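Visitor: Kindly return the folded structure for what I paste below:
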Amino acid sequence: YNMMKLTRHIFGWTGEPAAMDYYERVLFNHRLGTQDRDGMKMYYVSLTPGLYKTFGTRFDAFWCCTGTGSEEFAKLADTIYFHDANSLYVNLFIASELNWQEKKFGLVQDTKFPEEEGTTLTVKTPAPAKMPVRLRIPYWAKSGATIAINGKMQQIAAQPGSYATLDHTWHDGDKITVSLPMSLHAAPTHDDPTVRAAMYGPVVLAGLLGKQNLTTDKIYGPEGPDDKNGIQVANIQGNTTGESVNWVEPVKGEKLKFKTTSQSTNVDLAPLNEVMDQRYTVYFKVNPKSA
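Guide: Have a look, this model is predicted:
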């Protein structure tokens, strides 16, 4: 909550793309996973391998984070778009509608991101409007982002970790189509590159470890998960250098479903924000494969 709030301020001061890369990562992986299907909030997200998420109860586990968590879910739309005096910034890829009243200019964003690798923006304006629209090209879009206006591919800079500027005279109904290919990549810890998480685009993947010794009282209640309630998590055999992840592969025909590969026991992986009622691990200890 506090880091997202601070990041909004930093971006407002600097316009740095890295601030929105960070914001997206926290929003999709942390914030969206801190409310269960019935609206109960978490106190904190444990990243200890083999633990689980715990949520408050309706009447006797109301933490300070219950209030700030509710507040944050009420303002999920407030950072999708920013503007300066003359241009519009599209920061996040979330289905939404913008109405910039002072400029009599609007956008409708249509996307299922991150299930969909891109977004479509439809212009709403009563009269032709010349205005730069700046589209965030995320750091993870290293396979080549593309942008089209009304089906015509645009030859503009679309480098990962930047904003691509469309300086255009817009007409009502114009469509901006952005393709943002996603791929698997590693996120190692800073102090030990052999402790690694797997990501797909901006999505942090969690290994699903089942419900061993889990009860409703452990998942819902006044206390957070405790190390004494953990389980052993097996190490992974795979690469420990570079950004590639050779120990995870997509499940064919499934959106955002993955599995480990070539391990003695393989596990399924899914976005961390979708994990609600089972044990998981985000960080795996990876041992280099022997020759």
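
Visitor: C-alpha from now on. contacts and neighbour counts both.
Guide: OK.

Visitor: just how off-centre is the worst-scoring helix or strand of the chain on mean pLDDT within its chain?
Guide: Lowest on mean pLDDT, DSSP states H and E among the helices and strands of the chain sits helix 64-74, with a mean of 82. Counting by CA atoms, centre = their mean, to the nearest Å, helix 64-74 is centred 19 Å from the centre of its parent chain.

Visitor: any idea how far Y1 is from Y283?
Guide: Counting by CA to CA, to the nearest Å, the separation of Y283 from Y1 is 22 Å.

Visitor: Compare those two and say which is more crowded by neighbours.
Guide: Y283 (22 against 15; other CA atoms under 10 Å).

Visitor: Excluding residues flanking it in the chain, which one is nearest the more buried one?
Guide: Nearest residue to Y283 in three dimensions, chain neighbours excluded: A197, at 4.6 Å (CA to CA, 6 or more residues apart in numbering).

Visitor: Contacts for the one helix or strand that neighbour maps to, please.
Guide: Here A197, judged by DSSP states H and E, is contained in strand 195-200. Under the criterion CA atoms under 8 Å, 6 or more residues apart in numbering, residues 182-189, 204-206, 240, 245, 248, 282-286 lie in contact with strand 195-200.

Visitor: Pull out the buried residues from it.
Guide: Burial within strand 195-200, assessed by neighbour count using 16 or more other CA atoms under 10 Å, is assigned to 195-200.

Visitor: Let me have these in CSV, extended by pLDDT.
Guide: Converted to CSV, those look like this (pLDDT from 0 to 100):
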residue, pLDDT
V195, 95
R196, 95
A197, 96
A198, 96
M199, 97
Y200, 97
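
Visitor: all strands of the stretch 151-291 of the chain, in order?
Guide: 152-153, 162-170, 175-179, 184-188, 195-200, 203-208, 236-237, 248-250, 258-260, 268-271, 280-281, 284-287 (DSSP state E, counting those that start in this stretch).

Visitor: Dump the buried residues of strand 195-200 to TSV, plus distance to F59.
Guide: TSV is the format used below for those (distance: CA to CA, whole Å):
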residue	distance to F59
V195	39
R196	38
A197	36
A198	37
M199	36
Y200	38
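
Visitor: can you pull the buried residues of the least confident helix or strand of the chain?
Guide: Result for helix 64-74 [16+ other CA under 10 Å]: buried residues 65-66, 69, 72.
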